[in-house]
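Student: Would you be able to build a 3D model of this:
(chains A, B, C and D)
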Number of protein chains: 2
Amino acid sequence: MKDVAARAGVGLKTVSRVVNGEPGVTPDTERRVQEAITALGFRRNDSARMLRKGRTASIGLILEDLADPFYAPLARAVEEVAREHGALLINGSSAEDPERERELALAFCARRVDGLVVIPAGADHRYLEPEMAAGVATVFVDRPAGLIAADAVLSDGFGGAREGVAHLIAHGHRRIGFIGDQPHIHTAVERLRGYRAAMAAAGLPVDESWVSLGGTGAERVRAEAERMLGGERPVTALFTGNNRVTVTVIRVLAGLPRRVALVGFDDLELADLLSPAITVVAQDPARLGRTAARLLFRRLGGAERVPRRVELPTQLIVRGSGELPP
Amino acid sequence: MKDVAARAGVGLKTVSRVVNGEPGVTPDTERRVQEAITALGFRRNDSARMLRKGRTASIGLILEDLADPFYAPLARAVEEVAREHGALLINGSSAEDPERERELALAFCARRVDGLVVIPAGADHRYLEPEMAAGVATVFVDRPAGLIAADAVLSDGFGGAREGVAHLIAHGHRRIGFIGDQPHIHTAVERLRGYRAAMAAAGLPVDESWVSLGGTGAERVRAEAERMLGGERPVTALFTGNNRVTVTVIRVLAGLPRRVALVGFDDLELADLLSPAITVVAQDPARLGRTAARLLFRRLGGAERVPRRVELPTQLIVRGSGELPP
DNA sequence: CTGAAAGCGCTTACAG
DNA sequence: CTGAAAGCGCTTACAG
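Tutor: Residues are numbered from 1 along each chain as shown, chains lettered A, B, ... in the order given. The predicted structure follows:
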């Protein structure tokens, strides 16, 4: 910029005016500055600009895995809202590791992102309190923050799971298995609560061997499904706690001679083309992301005060697998 | 930092030393500085740091759609490599719009990203030449750059499509349809070339009504598939040019009374569970991303000079749909 | 072991 | 309409 000013024979501030399209520059001066800019290949350094302005026009997004078909549309929606507000998106995958979540969040804050959208891996977010106090707008999505008061945008996992399980019960099932994610994950627990509520509402007992929370790795899920489907009194239906669990269970069921009912939490791309087509309790990941990002920017605009908790409904999509008889 | 220095009764440089773990500070001084840091809640501003250091330790990724199941793993892989190099990832979706690609790329450059990984939407990347000359390492993935010399990491779309179509021919098909993406997209053209090469190698004529390039929207693809499968002399097999086309065609075929052979370019999550299971020519999106990002950092390290073009193999995965007889 | 000065590339608040 | 000075928050190159 100094070079441009020198070459155009003007002051720094005048170059700044031209670069930012501010008024108060003679057409002639402007032309000279423009010429210098092109001749020197000047490109404004936005980092320097933002250092001075205070806001970086960027927000950070921390999720579990950018490649997960559930989170990818959520990320895209956040990006879209950021774009509408002229902000860029910095992205990080925590790989479900609380330490990595923390590192990413603090790295983003060190870069002075204006805000943070977090799908938390950890259960203790007190490390973010100084950052939030310093003005970093923070919204949690999919799972609430741990041990601090903060905005959260969640799906109604309890209600959704309850509805899905009630659907199986309505189709005659009494022995229903539940395979979900790890017990320290909020969504896993909520969905299990929904399962229990539906069973209780129907006056059905729950044999604890029908319930399994744990990693979503294929081996574990396969083993648990086979266990529940084997033995003397196997379950006649399964409710799966998320998309990854569902995919593995579909594979297990495909290898079985008899047909077993299944309702899965989360929709899958080709679910309608399988036979039977898979009945699911669908979330709207893009809407989750959009809602969270909008809340973030509203907070940045100073409109919000008290932490808000938004809960989005789920939708039961009936396709066939959930209507199979016992 | 100034406040910390004042409170600890030391100079700025000493605070800097403590914050960065540089040697040459008495344990006692260090303790005083640390106390001031905690008391004041000091957090180093990495943006300011990078302004001074010259490198921002961040790279930009521009792709078509973060939510696309093909690009999401690619993005994740880029992120992973960036992380290994201590860099953050800024992300942008071009929505297949050249103007938006350009805006994103220039916005990233204005933030002074160290490098750029680009899945191009446009066909003219001369706008990036000044940036590259100014030192922004740039690697194109999935599709080559237009009108400039630059690194490119591509899949062997020609070879992959040729192999897939040859597979259909080997199973007795003579009338094979090709439905692909828009003709200005490099990968679409390459895959069509592969189709033609396979047909020519088998001495088969290609009726131009069997070939359709255009948008991947469901309506168009559905119409084209139905057109090719209708009429007096319908095709007996289809080769689809990418994952989105494949999904729509699977839906069309599912509604048909007869079974039509299908080989799709790109793998799909539940492809093995459909009946018939879908035979595909698979790319490895994570490997594409990893390769591109590694090349980028090698270039940043100054190891590379001349633009390189890397081509990764595809893999024919035989599952059933491609082996159906005419 | 420690720190004052200059500078990274911009904008802000003024003054003319 | 135009520009000089100060400052955003850090690091670099020195000097002591």
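
Student: Leaving out chain neighbours, which residue sits closest to A:E99?
Tutor: Leaving aside its sequence neighbours, A:E99 sits nearest to A:G122 (Cβ to Cβ, 6 or more residues apart in numbering or on different chains; 7.8 Å). (Each C-beta comes from the backbone N, C-alpha and C, glycine too.)

Student: would you list every one of the strands in chain A?
Tutor: A:58-63, A:88-93, A:115-118, A:137-141, A:151-155, A:176-180, A:211-213, A:237-240, A:261-265, A:279-282, A:309-312, A:315-317 (DSSP state E).

Student: packing partners for the fourth one?
Tutor: Under the contact criterion of 3 or more Cβ pairs under 8 Å, 6 or more residues apart in numbering or on different chains; DSSP states H and E, the helices and strands touching strand A:137-141 comprise strand A:115-118, strand A:151-155, helix A:285-300.

Student: can I get these in TSV with mean neighbour count?
Tutor: Output for the helices and strands packed on strand A:137-141, formatted as TSV (neighbours: other Cβ atoms under 10 Å in any protein chain shown):
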stretch	mean neighbour count
strand A:115-118	27
strand A:151-155	24
helix A:285-300	22
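
Student: mind checking which of the strands of chain A is nearest DNA strand D?
Tutor: strand A:58-63 (15.8 Å; Cβ to the nearest atom of the strand).

Student: hmm, back to that, so which of the strands of chain A is nearest A:A254?
Tutor: Among these, strand A:261-265 comes nearest to A:A254, with 10.8 Å by Cβ to Cβ.

Student: Now do that closest one against strand A:176-180, angle only.
Tutor: 30 degrees (axes from the mean of the first three to the mean of the last three Cα atoms, to 10 degrees).

Student: partners of strand A:261-265 in the sheet?
Tutor: Partners of strand A:261-265 in the sheet, by DSSP bridges, are strand A:237-240 (parallel), strand A:279-282 (parallel).

Student: Kindly export the first one (C-alpha atoms) in CSV.
Tutor: Looking back up the chat, that one is strand A:237-240. Taking Å, rounded to 0.1, in the frame of the first residue of the first chain, the C-alpha atoms of strand A:237-240 are listed here in CSV:
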residue,chain,number,x,y,z
ALA,A,237,-37.4,-55.7,15.9
LEU,A,238,-34.4,-53.3,16.2
PHE,A,239,-34.3,-49.6,16.7
THR,A,240,-30.9,-48.1,15.7
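
Student: tell me the mean pLDDT for it?
Tutor: Regarding strand A:237-240, the rounded mean pLDDT is 98.

Student: Now do the closest residue to A:A149 other than its chain neighbours against A:A152, distance only.
Tutor: Distance criterion Cβ to Cβ, 6+ apart; nearest residue to A:A149, sequence neighbours excluded, is A:P307 at 4.6 Å. To A:A152, A:P307 is 8 Å away according to Cβ to Cβ, to the nearest Å.

Student: Which segments of chain A make up each domain?
Tutor: A:2-44, A:54-155+A:285-312, A:157-283+A:316-323 (automatic domain parsing).

Student: The ones you listed: which one's closest to B:L12?
Tutor: Closest among the domains of chain A, using Cβ to Cβ: domain A:54-155+A:285-312, at 18.2 Å.

Student: how distant is that closest one from the center of its chain?
Tutor: 9 Å (Cα atoms, centre = their mean, to the nearest Å).

Student: can you tell me the distance between the two ends of it?
Tutor: End-to-end distance of domain A:54-155+A:285-312 (Cα to Cα, to the nearest Å): 34 Å.

Student: Quick one: mean pLDDT over it.
Tutor: On average, domain A:54-155+A:285-312 scores 95.

Student: how much space between A:I169 and A:A277?
Tutor: A:I169 is 20 Å from A:A277, by Cβ to Cβ.

Student: okay, now the residue nearest to A:T246 when sequence neighbours are not counted: neighbour count?
Tutor: Leaving aside its chain neighbours, A:T246 sits nearest to A:G264 (3.4 Å; criterion: Cβ to Cβ, 6+ apart). A:G264 has 28 neighbouring residues, counting by other Cβ atoms under 10 Å in any protein chain shown.

Student: wait, doesn't A:G264 sit right on A:V280?
Tutor: Yes. With contact defined as Cβ atoms under 8 Å, A:G264 counts as touching A:V280 (4.8 Å).

Student: Between those two, which contacts overlap?
Tutor: Here A:G264 and A:V280 have A:T246, A:A271 as joint contacts, going by Cβ atoms under 8 Å, 6 or more residues apart in numbering or on different chains.

Student: For the residue in the stretch 51-200 of chain A positioned nearest to DNA strand C, the count of nearby residues, please.
Tutor: Taking Cβ to the nearest atom of the strand, DNA strand C has its nearest neighbour within the stretch 51-200 of chain A at A:R52, 3.6 Å off. Neighbours of A:R52 under the rule other Cβ under 10 Å: 6.

Student: can you check A:E99 too?
Tutor: A:E99 - counted by other Cβ under 10 Å - has 10 other residues nearby.

Student: ok, the residue of the stretch 151-300 of chain A found nearest DNA strand C - contacts?
Tutor: Nearest residue of the stretch 151-300 of chain A to DNA strand C, counting by Cβ to the nearest atom of the strand: A:L300, 16.6 Å away. Shown in contact with A:L300 (Cβ under 8 Å, 6+ apart): A:D114, A:G115, A:A137.

Student: Nearest spatial neighbour of it, chain-adjacent residues omitted?
Tutor: Going by Cβ to Cβ, 6+ apart, A:L300 has A:A137 as its nearest residue, at 4.8 Å.

Student: does the one you found really touch A:L116, like I thought?
Tutor: Yes. Counting by Cβ under 8 Å, A:A137 sits close enough to A:L116 to count as a contact (7.2 Å).

Student: quick one: common contacting residues for these two?
Tutor: A:L296.

Student: OK, contacts around the residue of chain A found nearest DNA strand D?
Tutor: Nearest residue of chain A to DNA strand D (Cβ to the nearest atom of the strand) works out as A:G11 at 2.4 Å. Taking Cβ under 8 Å, 6+ apart, we find A:G11 in contact with A:A5.

Student: Please tell me how far it sits from A:V18.
Tutor: 11 Å.

Student: So which residues of chain A form helices?
Tutor: Secondary structure of chain A (DSSP state H): helices at A:2-8, A:12-19, A:27-40, A:46-53, A:71-84, A:98-110, A:129-133, A:157-170, A:186-201, A:218-229, A:243-254, A:285-300.

Student: wait, isn't A:R244 in contact with A:T216?
Tutor: Yes. Judged on Cβ under 8 Å, A:R244 makes contact with A:T216 at a distance of 4.2 Å.

Student: more neighbours, the two?
Tutor: A:T216 (22 against 19).

Student: ok, now how distant is the more buried one from A:T314?
Tutor: A:T216 is 19 Å from A:T314, by Cβ to Cβ.

Student: Equivalent analysis for A:D28, please.
Tutor: 63 Å.

Student: That's all I had, so thanks and see you.
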